[in-house]
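Chemist: Sharing a model prediction with you, sequence too.
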Amino acid sequence: MHMKTNIKLCTAMLAVGLCVWSTQAFGQATTTTVTSANGAFTEYVPGSQTVVVRSERNPAPLRYVVTKQTTVVDEAGAPIAVERIPAGSPLSVEYIGTGDRLQASRIVVHKTVTATAPVSQETTTTTTTSRPLTHHEKHELKEAEEHRRHEMKEQLEHEKDAIDKAKDKLDDDH
């Protein structure tokens with residue numbers, strides 16, 4: 001009785017582990033739509049990690065969420081702290097998402113405004129498997145994988161504890 005139960009439980013746990021692993025291994029070829037927009041920096045809201053940008057196309061200011069993965073640089077590619085961007089500075093923002101949930105992936109702060117420069121918004125689609133990953137993307141992917149493994153390990157330990165408790169209860173009952 002106990003041997004059959006243990007074999008069934010081990011088989012079920014192995015199947016769960018393989019399913020989780022296979023979805024992680026094969027689910028990484030995702031397509032992400034990156035949209036670019038130009039505008040003028042209005043403010044940075046530290047508590048909400050939000051950058052507010054005013055564009056000529058949209059009368060309402062747009063709010064972009066800034067995360068640790070957001071790259072903020074000047075035209076030469078030198079990093080800039082979001083808090084140090086002067087109000088009114090022209091920006092190019094690459095972001096993902098739609099509606100009220102826009103997440104900035106890259107912000108380029110421009111030094112000068114050219115009066116003839118059109119304010120544009122363009123959408124491009126990139127597939128993460130069609131180009132080599134950058135060092136930063138590899139690091140993010142590795143951290144995400146480690147986080148998933150840690151969560152999976154904790155879940156398996158939790159399930160093992162539950163199985164051991166159930167087994168002890170069965171042993172006590174018999």
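Modeler: Received it, and whenever you're ready, just let me know what you need. Numbering: from 1, shown residues only.

Chemist: which intervals of the chain have sub-threshold pLDDT?
Modeler: Counting by pLDDT under 70, the ranges of the chain that qualify are 1-32, 112-133, 174.

Chemist: Please enumerate the strands of it.
Modeler: In the chain, the strands defined using DSSP state E lie at 31-45, 50-54, 62-65, 71-74, 90-96, 102-109, 121-127.

Chemist: What strands line up against the second one, and which way round?
Modeler: So the one you mean is strand 50-54. The strands beside strand 50-54 in its sheet (DSSP bridges) come out as strand 31-45 (antiparallel), strand 62-65 (antiparallel).

Chemist: Highest mean neighbour count out of those strands?
Modeler: Highest mean neighbour count of the strands paired with strand 50-54: strand 62-65, a mean of 18 (counted as mean count of other Cβ atoms under 10 Å). The way it works is simple: take the backbone N, C-alpha and C, and place the C-beta from them, glycine included.

Chemist: Quickly note the distance from A76 to T33.
Modeler: Going from A76 to T33 by Cβ to Cβ, to the nearest Å gives 27 Å.

Chemist: if we can go back for a sec, got a markdown table for the strands paired with strand 50-54, with distance to K153 too?
Modeler: Compiled in a markdown table, those are given as follows (distance: least, Cβ to Cβ, whole Å):
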| stretch | distance to K153 |
| --- | --- |
| strand 31-45 | 28 |
| strand 62-65 | 30 |
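
Chemist: Quick check: which of the ones you listed is nearest to H139?
Modeler: strand 31-45 (17.3 Å; Cβ to Cβ).

Chemist: what helices or strands is the longest helix along the chain leaning on?
Modeler: Using DSSP state H, we find that the single longest helix of the chain is helix 135-173. Contact partners of helix 135-173 among helices and strands, from 3 or more Cβ pairs under 8 Å, 6 or more residues apart in numbering; DSSP states H and E: helix 2-26.
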